[in-house]
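Visitor: Fold the following.
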Amino acid sequence: MEYETGLERKFARFGDDVEVRDGRVICGYASLFGAVDQGNDVVASGAYAASLASLTQKGGRVKMLWQHDPAQPIGIWDEVREDAKGLWVKGRLLESVEKGREAMALIEAGAIDGLSIGYRTRKATKNAEGQRLLTELELWEVSLVTFPMLPSARITAKSEDTDLDRSLRDMAAAFKGARADLARR
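Guide: Sure thing, here's the model as predicted:
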């Protein structure tokens, strides 16, 4: 059975694969293929492909919103793509936007730990388990939210640099210093 519906939302908790870098860069999975959410829906691999291709062709972008409110964009998704695991996103919270600054603080404090997609179902069927299998979705936006629907993932928020970040910066500074010394000789 195939059917179309109006605008829907699907929530996912930030997971081990989602991280916040430098307090404002978010990257990870907004949707996982094959995972049953609390609404008894399952997103099939490839469900976003047509929508992402159409957006690219039109020069459009998936929006980053606060709590699905179209009047409150809080950042930019620089990359949105499907892979074997799900819908991967990478973007930046905008510090110049009040809600963007608030989102950074709430993520850092652990008060916000969810992502949610806003979409329209283009094609879906019922699978053998009676779940709605979403096979084609028109993706509109990915929001930061309080209450996610897919509880299988958690957030990793980092306001401070990791040891690896510091080590890489130290190495880059050492190489820069060495280049400067060589240039003077």
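Visitor: tell me the average confidence for stretch 30-45?
Guide: In this model, stretch 30-45 has an average pLDDT of 92.
Visitor: Start the count at 54 instead of 1 going forward.
Guide: All set: I'll call the first residue 54, so the last point we hit is now stretch 83-98.
Visitor: That one: which residues count as buried?
Guide: Neighbour-count burial for stretch 83-98, with 16 or more other C-beta atoms under 10 Å as criterion, is recorded at 83, 84, 85, 86, 88, 89, 90, 94, 95, 96, 97. Every C-beta, even on glycine, is put in place using the N, C-alpha and C of the backbone.
Visitor: Let's see which of these end up in strands.
Guide: Residues of the buried residues of stretch 83-98 located in strands (DSSP state E): 83, 84, 85, 94, 95, 96.
Visitor: Make a markdown table out of the residues you listed and add distance to residue 157.
Guide: Shown next, in a markdown table, are these (distance: C-beta to C-beta, whole Å):
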| residue | distance to residue 157 |
| --- | --- |
| 83 | 18 |
| 84 | 23 |
| 85 | 25 |
| 94 | 30 |
| 95 | 32 |
| 96 | 28 |
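Visitor: between those, which is nearest residue 160?
Guide: Comparing those against residue 160 with C-beta to C-beta places residue 83 closest, at 14.7 Å.
Visitor: Go ahead and confirm the closest one touches residue 138.
Guide: No - using C-beta atoms under 8 Å as the test, residue 83 is too far from residue 138 to be in contact (11.3 Å).
Visitor: Need the overlap of contacts for those two.
Guide: Here residue 83 and residue 138 share no contacting residue, scored by C-beta atoms under 8 Å, 6 or more residues apart in numbering.
Visitor: what pLDDT does the closest residue to residue 164 other than its chain neighbours get?
Guide: Distances taken as C-beta to C-beta, 6 or more residues apart in numbering put residue 199 closest to residue 164, at 7.8 Å, once the chain neighbours are dropped. pLDDT for residue 199: 82.
Visitor: burial of residue 199, as a residue count?
Guide: Close neighbours of residue 199, defined as other C-beta atoms under 10 Å, add up to 12.
Visitor: for residue 174, same thing?
Guide: Residue 174, neighbours per other C-beta under 10 Å, totals 21.
Visitor: List phi and psi for it.
Guide: Backbone torsions of residue 174, given as degrees, to the nearest 10, read phi -80, psi 120.
Visitor: Quick check: pLDDT value at it.
Guide: pLDDT, read off for residue 174, is 96.
Visitor: ok, now the one 10 residues further on?
Guide: pLDDT recorded at residue 184 is 95.
Visitor: you'd agree residue 108 is in a strand?
Guide: No - going by DSSP: H, G, I helix; E, B strand; the rest coil, the assignment for residue 108 is helix, not a strand.
Visitor: distance of it from residue 124?
Guide: 21 Å (C-beta to C-beta, to the nearest Å).
Visitor: Show me which of the two is the more surrounded one.
Guide: residue 108 (17 against 7).
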